[in-house]
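Asks: Quick one: sequence plus predicted model below, questions after.
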Amino acid sequence: MLIIVIALPVGSVPMQSSTAAPARFADNSFQQLWEYTDAPVAAGQVQRSWYWGPAPGNAKNEPYSGSKSGTRLVQYFDKARMEINNPGGDRSSQWFVTTGLLVAEMVSGKQQMGDKDFKPLRAAEIAVGGDGLGTDPDAPTYTSFRPVASITVPGANRASNRTGKSVAARIDRAGRVSEDPSLGLYPGAKLVAYSEQLGHNIPQAMWDFLNLKGTVKRNGANVEGQTLANWVYVMGYPITEPYWARVKIDGVYQDVLFQLFERRALTYVPSMPKGWQVQMVNVGQHYYRWLYGGPLPTPLVPLATPLPNIPDAVDATIVPSSGVVGTPFSVTINGFLAGEDIVSWFTAPDRTASDTRFDITAGPDGTVHGLSVSTLGMAPGVWAITYHGKQSNHESIAYFLLTATSPPATGTAKVPPTPAPTSRAGTPAPSATVPVVPTEPAGGLVLSVQPGYGPPNGQFTFSARGLAGSEPVQVKFTDPNGSVVYPANSNNGQYTAGADGVLQFTLQPDQAFPAAPLGVWLFELHGVQSGLEGVVGFVLR
């Protein structure tokens, strides 16, 4: 099958490529990787699109905090960039040379400076394909795809499996999406594959391209009938659904289907001759221009305040990981003893820890599946759900982000309303780097600690509501070493609830207790008349 790429004309900065004298490869491993797919093309032995480009481009030692030297060797090509993060690594490994997540970085506006280090940059207002913004100011740019891309938080913009349907969605430069059913009639527009990792569908034309077989160069000799590339290695996973756009190519408007992947992007132009229809975007050129080129236009997509990072879950999964207030979440936890009693708590964005008011028992394999979390009435921000095994002291923690449909109101985060007794719910726990603390509800008893964590010399307020009016209450604390202690001058933890059934007191741990070791503490309470009992955790750090 004839597969030739006509690179869609785009603006670019000067960069060694097909128009420059042949450049040398910065490392032998770069040359070997290029030769595998592109040497037969350069020699005229096959007719297909470039995977990298006709020649290597600029090589640089760019800053990278994940390497021993603080830099890494990179070399730019028309279509992508090659990198060596660890020069002392295994050169026989496919991943000795990596190909950066250039598209994801341009869409997010953040340059990756280390394994987990990102630097905010200007918006990559560069047309993904076509003649460029100079003659086609309505063409979608990398920034145009930001509102629909899976780049902000885990689970963002995840699509359902729609294989068998056709692509009819259109996107413009402002990131606005509309539907045009007539576009789904184009050959190649049918969705035929679904990538589970980020949750995106892939159309027929692009799926065929990703799985092409042909002639490659291996160990100096051509080999026929080989898969041209591991598409995940070359492309990364798709970060968007496919979207149509009306784009100028050589001065003529064409329907072009775009799909962005982590590392590269593809276009499908049905009006092109067969074999020229699917093309790799000149991502390497675009990224180089983004970093080293001149001024770029102002984006039309409103650039919202960056969303906070969500910490990785600990022995838990939560789906989705973000949503507007009111979104239901589903949590699965593991690592507990078989049949173990589990207590749980919420930590709100304002550091308030509160009871989830659900009793949970681990299954025979130490796992609990499908815990439903209602977020009605909760405040926007990063929440945590912590589940604490009473016998093993094992903790599973899931974090999620709630966003407001309108600007969030100021004030204290709300404790979620009590769910129906027959349902289970998890509990949002402290934000980001904060460990969570357990709570165990009983009946209508609700315990809370504010803040949920702090230093030993900080002020902590402990509250209980739902007790019988004026009933005696026994209070005790358990420190991280398992020792039971009582607050000073409390007559071994003897308190009395108010007439409204509320008990509240404030103490400073390093003054209230003989010692205040760092770690998770438990505040336990027993209503003498009502029989209500509960426990809530807090953290000294």
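Replies: Noted; the coordinates are in hand. Residues are numbered from 1 along each chain as shown.
Asks: Show the contacting residues for P40.
Replies: If a contact means C-beta atoms under 8 Å, 6 or more residues apart in numbering, then P40 has V46, G214, T215, V216, K217, N222 as its contacts. Placement of C-beta: from N, CA and C, glycine included.
Asks: Okay, helices next: where are they in the stretch 1-150 of the chain?
Replies: Taking DSSP state H, counting those that start in this stretch as the criterion, the stretch 1-150 of the chain carries its helices at 28-42, 102-108.
Asks: Quickly list the domain ranges of the protein.
Replies: 28-292, 309-435, 442-541 (automatic domain parsing).
Asks: Can you flag the weakest of the ones you listed by average pLDDT?
Replies: Among these, domain 309-435 carries the lowest mean pLDDT, at a mean of 73.
Asks: what helix or strand is L291 on?
Replies: In this structure, L291 sits in helix 283-292 according to DSSP states H and E.
Asks: Next, the buried residues of that helix.
Replies: Going by neighbour count (16 or more other C-beta atoms under 10 Å), the buried part of helix 283-292 is V283, G284, Q285, H286, Y287, Y288, R289, W290, L291.
Asks: Show me which positions of the very next helix or strand once past that helix end up buried.
Replies: Counting by DSSP H and E, the element after helix 283-292 in chain order, helix or strand, is strand 316-319. Buried residues in strand 316-319, counted by 16+ other C-beta under 10 Å: A316, I318.
Asks: quick one: whichever helix or strand comes after strand 316-319 to chain centroid distance?
Replies: Next along the chain after strand 316-319, taking DSSP H and E as the criterion, comes strand 322-324. Per C-alpha atoms, centre = their mean, to the nearest Å, the displacement of strand 322-324 from the mean C-alpha position of its chain is 13 Å.
Asks: What strands line up against strand 322-324, and which way round?
Replies: Strand pairing for strand 322-324, using DSSP bridges, gives strand 395-403 (parallel).
Asks: returning to that earlier point: single out the most deeply packed of the helices of the stretch 1-150 of the chain.
Replies: Most buried of those, by mean neighbour count (mean count of other C-beta atoms under 10 Å): helix 102-108, with a mean of 26.
Asks: which other helices and strands contact that one?
Replies: helix 283-292 (3 or more C-beta pairs under 8 Å, 6 or more residues apart in numbering; DSSP states H and E).
Asks: Show me the contact partners of the helix it packs on.
Replies: 10-13, 15, 17, 52-53, 57-58, 76-81, 100, 102-103, 105-106, 111, 121-122, 124, 126, 128, 142, 263-265, 296.
Asks: how far is stretch 517-524 from where the chain is centred?
Replies: Centre-to-centre, stretch 517-524 and its host chain are 32 Å apart (C-alpha atoms, centre = their mean).
Asks: What residues sit buried inside that stretch?
Replies: V520, W521, L522, F523, E524.
Asks: Could you list the residues in contact with it?
Replies: With contact meaning C-beta under 8 Å, 6+ apart, stretch 517-524 is reached by 388, 435, 437-438, 447, 449, 456, 462, 475-481, 509, 533-541.
Asks: Of those, which qualify as buried by neighbour count?
Replies: With burial judged by 16+ other C-beta under 10 Å, the buried subset of those is 388, 435, 437-438, 447, 449, 456, 462, 475-479, 509, 533-540.
Asks: so of those residues, which ones are in strands?
Replies: Among those, the residues falling in strands (DSSP state E) are 388, 447, 449, 462, 475-478, 533-540.
Asks: how about a markdown table for the helices of the stretch 1-150 of the chain, with distance to I397 added?
Replies: Formatted as a markdown table, those follow (distance: least, C-beta to C-beta, whole Å):
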| stretch | distance to I397 |
| --- | --- |
| helix 28-42 | 40 |
| helix 102-108 | 26 |
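Asks: For T367, find the nearest of these.
Replies: Nearest to T367 among these is helix 102-108 (32.5 Å), distances taken as C-beta to C-beta.
Asks: Centre of the chain to that closest one, how far?
Replies: Worked out by C-alpha atoms, centre = their mean, helix 102-108 lies 13 Å from the chain centre.
Asks: All further residue positions should be reported with the first residue as 859.
Replies: With 859 as the first residue, the last one maps to helix 960-966.
Asks: Can you give me every residue that contacts L1325?
Replies: Contacts of L1325 (C-beta under 8 Å, 6+ apart): L1303, V1331, A1355, G1359, V1360, L1361, G1385, S1388, L1390.
Asks: Tabulate these (CSV), appending distance to Y922.
Replies: Putting these into CSV (distance: C-beta to C-beta, whole Å) gives the following:
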residue, distance to Y922
L1303, 53
V1331, 57
A1355, 59
G1359, 59
V1360, 55
L1361, 54
G1385, 58
S1388, 60
L1390, 56
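Asks: can you give me the strands for the stretch 1259-1399 of the chain?
Replies: Using DSSP state E, counting those that start in this stretch, the strands found in the stretch 1259-1399 of the chain span residues 1297-1298, 1304-1308, 1311-1312, 1318-1323, 1330-1336, 1342-1343, 1352-1354, 1360-1365, 1377-1385, 1391-1398.
Asks: pLDDT averaged over the first one, what's the number?
Replies: The predicted model gives strand 1297-1298 an average pLDDT of 40.
Asks: which ones are touching A1051?
Replies: Applying C-beta under 8 Å, 6+ apart, we find A1051 in contact with T1021, N1059, I1060, W1065.
Asks: Surely the first one and H1058 touch.
Replies: Yep, that's T1021 we're talking about. No. Using C-beta atoms under 8 Å, T1021 makes no contact with H1058, being 11.3 Å away.
Asks: what sits in contact with each of those two?
Replies: The contact lists of T1021 and H1058 share Y1052, where a contact means C-beta under 8 Å, 6+ apart.
Asks: Those two: which is more packed in?
Replies: With neighbours defined as other C-beta atoms under 10 Å, T1021 and H1058 compare such that H1058 has more, 26 against 12.
Asks: beta partners of the residue nearest to that one when sequence neighbours are not counted?
Replies: Sequence neighbours aside, P1096 is the residue nearest to H1058 in space, at 4.0 Å (criterion: C-beta to C-beta, 6 or more residues apart in numbering). For P1096, the beta-bridge partners are F1119 (DSSP bridges).
Asks: any idea how far L1361 is from P1096?
Replies: 54 Å (C-beta to C-beta, to the nearest Å).
Asks: repeat for K1248
Replies: Taking C-beta to C-beta, one finds K1248 at 23 Å from L1361.
Asks: more crowded one of these two?
Replies: Counted by other C-beta under 10 Å, K1248 and L1361 do not tie: L1361 has more neighbours, with 21 against 16.
Asks: Sounds good, over and out.
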